[in-house]
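Trainee: Sequence plus predicted model, see below.
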Amino acid sequence: MKQLLFLIAVSSLVRGVPTQSTTEPSTIPPIAATETPPTYDYIVQIGFNLDEENVPEYLVNLVYTEASSKTITTDDIFSLYGLKTIDRTTTLNFLEKLGFSTEKVFSLDGFDKFLTELRVDFKEFYNRVIIERLNITGNPLRDVLVALNIDINNFSMGMAYGEPNPYDEFRKGNYTNEAVLSALGKADRTLDELFVACRDEFVGKALTFTPERIVEILVRYDFGKDAGLSLWNALGLTMEDVYAVPRFKQLLNELNRELNKVPCLGVLTGTTNISINRKVYETWSNDENVVQPYAESVTRKFILQVLEKEGTEWDNIFLFRAKAVEPYDGDIPSISIGYMKEDIQNCKFVTLENETIVTTDVANAHRHGNHMHIPKGNATSLIPGSPLICDKKLFALAREISGDDIILDTFTASGVAKTFLNGRWLSVGILVGVCVYFL
């Protein structure tokens with residue numbers, strides 16, 4: 001009996017041990033991986049802001065070179081600089097800052113230059129400023145003339161009858177600072193009152209001149225664009241002063257609107273590099289001294305400031321350095337550049353439509369030297385800089401529509417000679433040339 005129980009127990013243990021078996025590999029097919037559609041995060045829209053630090057130089061240049069074509073008036077210029085209301089102390093301060101002798105400016109010779117350049121008749125000036133504006137007449141006027149050591153009889157005869165020349169008689173007077181202060185004291189007037197009366201007379205006359213005439217006078221006395229910019233800084237003019245003059249405000253607003261009128265695209269080909277078509281660059285190249293371009297992601301919330309242009313060998317594509325305007329937690333996306341040696345197939349043309357990414361399949365892109373053609377299809381307009389993506393690489397940036405095609409520029413340089421002109425390659429080229437010569 002005991003033996004039977006032992007056999008049963010052993011049998012149970014044997015049945016409970018798991019057995020190993022060899023089976024054929026599973027014939028169930030693996031689940032196909034779903035490819036994530038591209039988001040094109042590396043495409044950026046190029047926009048423009050005014051670089052306020054460079055607005056002074058930009059506007060001063062317009063005043064000196066393009067006033068008429070920009071319909072800038074002399075009144076606009078004088079209003080900007082505050083010359084219609086400037087006081088004597090401010091005038092003395094900016095003259096000293098600019099290195100002009102105040103003694104020479106406020107001298108008989110300086111007065112003579114004002115009369116001559118602004119074509120002011122002395123008798124008219126005397127009557128309007130001394131008699132009417134300062135209201136110096138009668139005995140106070142006689143006391144003023146005596147204090148200035150002017151011959152009263154000759155001067156009065158000249159003013160009444162033209163002989164002798166009243167201005168010649170006036171020039172014989174004493175115009176030291178002490179004499180002028182004494183003369184003004186006789187009439188109970190101040191230097192500041194005299195300055196304001198003279199300022200209004202001369203400014204009023206200057207406002208009848210064209211900006212070109214004013215600039216011509218200034219340049220003749222070595223007051224060119226650099227001095228105009230120095231005066232801006234000496235007076236401490238601000239953007240608030242600029243926008244207070246309607247014409248200058250309008251000019252800057254027009255510039256900003258014109259630059260941002262047509263959307264333009266660029267592509268991040270590195271975390272700090274943006275590739276831009278020449279056509280896009282030309283939208284701001286003439287005004288790049290006053291324009292600050294920026295690149296805004298069309299799919300993510302980051303903005304890059306476009307910095308200086310990098311040197312490349314490409315014909316029609318420029319590379320710009322860029323940096324984030326504000327801290328951005330995510331990675332800055334980018335795409336590799338593809339270099340086209342022949343026609344290429346199965347690409348996507350990517351552009352914006354109503355601020356939304358739109359792609360078009362391109363079966364064949366045909367190479368023509370340093371650019372390529374793709375069919376325009378139903379497109380009637382084009383956003384410059386729209387990219388052609390092939391095999392997850394950037395091959396070209398759109399330039400323009402021509403006939404039934406879209407023309408795109410590729411990342412190519414024309415000719416070996418141009419390549420050798422690039423710094424490092426020039427050295428290599430010279431070395432190779434020398435070796436070939438001696439061999």
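Mentor: That came through, no problem.
Trainee: So which elements touch the strand or helix carrying residue 156?
Mentor: Assessed by DSSP states H and E, residue 156 sits inside helix 152-161. Using 3 or more Cβ pairs under 8 Å, 6 or more residues apart in numbering; DSSP states H and E as the contact test, the elements touching helix 152-161 are helix 138-147, helix 166-171. The way it works is simple: take the backbone N, C-alpha and C, and place the C-beta from them, glycine included.
Trainee: how about a markdown table for the ones you listed, with mean pLDDT and mean neighbour count added?
Mentor: Listed next are the helices and strands packed on helix 152-161 as a markdown table, based on pLDDT from 0 to 100; neighbours: other Cβ atoms under 10 Å:
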| stretch | mean pLDDT | mean neighbour count |
| --- | --- | --- |
| helix 138-147 | 96 | 16 |
| helix 166-171 | 96 | 18 |
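Trainee: which residue ranges form the helices in the stretch 151-300 of the chain?
Mentor: Per DSSP state H, counting those that start in this stretch, the stretch 151-300 of the chain has helices spanning 152-161, 166-171, 177-186, 191-206, 211-220, 225-235, 239-243, 246-259, 278-281. These are given in chain order.
Trainee: can you put those in JSON lines and add distance to residue 301?
Mentor: Output for these, formatted as JSON lines (distance: least, Cβ to Cβ, whole Å):
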{"stretch": "helix 152-161", "distance to residue 301": "76"}
{"stretch": "helix 166-171", "distance to residue 301": "72"}
{"stretch": "helix 177-186", "distance to residue 301": "65"}
{"stretch": "helix 191-206", "distance to residue 301": "52"}
{"stretch": "helix 211-220", "distance to residue 301": "45"}
{"stretch": "helix 225-235", "distance to residue 301": "37"}
{"stretch": "helix 239-243", "distance to residue 301": "28"}
{"stretch": "helix 246-259", "distance to residue 301": "23"}
{"stretch": "helix 278-281", "distance to residue 301": "22"}
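Trainee: Could you check how far residue 389 is from residue 299?
Mentor: Per Cβ to Cβ, to the nearest Å, residue 389 is found 14 Å from residue 299.
Trainee: So which of these two has more stuff around it?
Mentor: Here residue 389 and residue 299 are set side by side on neighbour count (other Cβ atoms under 10 Å), and the busier one is residue 389, at 22 against 14.
Trainee: Might one say that the more buried one is in contact with residue 344?
Mentor: No - contact criterion Cβ atoms under 8 Å: residue 389 and residue 344 do not qualify, at 10.8 Å.
Trainee: shared neighbours of these two, which are they?
Mentor: With Cβ atoms under 8 Å, 6 or more residues apart in numbering applied, the overlap between the contact sets of residue 389 and residue 344 consists of residue 395.
Trainee: Can you get me a residue count around residue 160?
Mentor: When neighbours are counted by other Cβ under 10 Å, residue 160 registers 9.
Trainee: Over to the one 5 residues further on?
Mentor: The burial count assigned to residue 165 is 13, neighbours taken as other Cβ under 10 Å.
Trainee: what's the answer for residue 237, then?
Mentor: Around residue 237 there are 17 residues (other Cβ under 10 Å).
Trainee: could you dump the helices and strands packed on helix 152-161 to CSV with distance to residue 277?
Mentor: As requested, the helices and strands packed on helix 152-161 are arranged in CSV below (distance: least, Cβ to Cβ, whole Å):
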stretch, distance to residue 277
helix 138-147, 72
helix 166-171, 66
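Trainee: Nearest to residue 267 among the ones you listed would be which one?
Mentor: Closest to residue 267 of the helices and strands packed on helix 152-161, according to Cβ to Cβ: helix 166-171, at 71.3 Å.
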